[in-house]
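**Student:** Whatever this is, show me its structure:
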Amino acid sequence: MTGRRLLRIAAWALALGLLVALPVGGQQRVSVELWFTALALWLLIGLAVSLIRAAPPRGGRSAGLLPVLAQWFTRLRRRSAAPESSQLKDHLYIEALIRRAIANERSHARRLRPRLQAIVDHHFLLQYGVDSNTDPTQAIARQRQRFGDTAWLLDPTVTDRAPTLDELDGFLRRLNDDGDHQ
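**Tutor:** Below is the predicted model of the structure:
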């Protein structure tokens, strides 16, 4: 929940608590339990309103109470949760892999190049129907034609060179280029 929404809920709970406390409490102090009861009542009213909004129009099929409640609690949990941890881990791993490859030729040769080659092989298989396992000569010719001066990133004989960010950027731009490179 956002801070603004929590403030709004608290304000409504306070107002509801005052409406209940004035006739019940008289001149005496209102107990904390009464305030918590008012807040819980307000949250239940909010849940009921959410359920009514989620209900289908007349004659439609009802989704049922449990899926609606699960969806409501999932929305509450997502608002407070961090970004998807597996996607964040993947992103951080790729970022670290590129940093190591830029700083170290060996890291490029052993870790980054096989990943780049797998991406290119998949892309060429889908785009041109060229399989590097069955026709390596054709695949290498296509790679040289497509990537030009950055084709060395895929060349397994180059082991003493680390890529720059500009070379990796150019490589990826050429990979994603939709122009005809035949």
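
**Student:** Tell me the predicted confidence for residue 114.
**Tutor:** Residue 114 is assigned 92 on the pLDDT scale.

**Student:** Flag every buried residue along whichever strand or helix holds it.
**Tutor:** Taking DSSP states H and E as the definition, residue 114 sits inside helix 113-127. Using 16 or more other Cβ atoms under 10 Å as the burial criterion, the residues of helix 113-127 that qualify are 113, 116-117, 120-121, 124. Bear in mind the C-beta positions are built from the backbone N, C-alpha and C, glycine included.

**Student:** Could you save those as CSV and add columns showing distance to residue 165?
**Tutor:** Formatted as CSV, those follow (distance: Cβ to Cβ, whole Å):
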residue, distance to residue 165
113, 16
116, 14
117, 19
120, 19
121, 23
124, 24
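
**Student:** For the helix holding residue 114, give me every contacting residue.
**Tutor:** Helix 113-127 has contacts (Cβ atoms under 8 Å, 6 or more residues apart in numbering) with 97, 130-132, 139, 142-143, 153-154, 156, 171, 175.

**Student:** Separate out the buried members of those.
**Tutor:** Neighbour counting by 16+ other Cβ under 10 Å classes 130, 132, 139, 142-143, 153-154, 171, 175 among the contacts of helix 113-127 as buried.

**Student:** Relative to residue 103, which of the residues you listed is nearest.
**Tutor:** residue 153 (15.5 Å; Cβ to Cβ).

**Student:** I'd like to know the average pLDDT value across stretch 95-105.
**Tutor:** Stretch 95-105 comes out at a mean pLDDT of 89.

**Student:** Give me the buried positions along that stretch.
**Tutor:** For stretch 95-105, by 16+ other Cβ under 10 Å, it's 98, 100-102.

**Student:** what stretches of the protein score poorly on pLDDT?
**Tutor:** Where the chain drops to pLDDT under 70, the residues are 1-7, 10, 12-14, 16-32, 34-35, 50-84, 178-182.

**Student:** where exactly do the helices run in it?
**Tutor:** Counting by DSSP state H, residue ranges of the helices within the chain are 3-25, 32-54, 65-80, 85-103, 105-107, 113-127, 136-147, 165-176.

**Student:** circling back to that earlier point, which of the contacts of helix 113-127 sits closest to residue 162?
**Tutor:** Using Cβ to Cβ, residue 153 is the member of those that lies nearest residue 162, at 10.3 Å.

**Student:** Identify the residues contacting that closest one.
**Tutor:** Neighbours of residue 153 in contact, by Cβ under 8 Å, 6+ apart: 108, 113, 116, 147, 163, 167-168, 171.

**Student:** Not counting its own residues, what contacts stretch 135-149?
**Tutor:** 120-121, 124, 128, 130-132, 151, 153-154, 170-171, 174-175, 177, 181-182.
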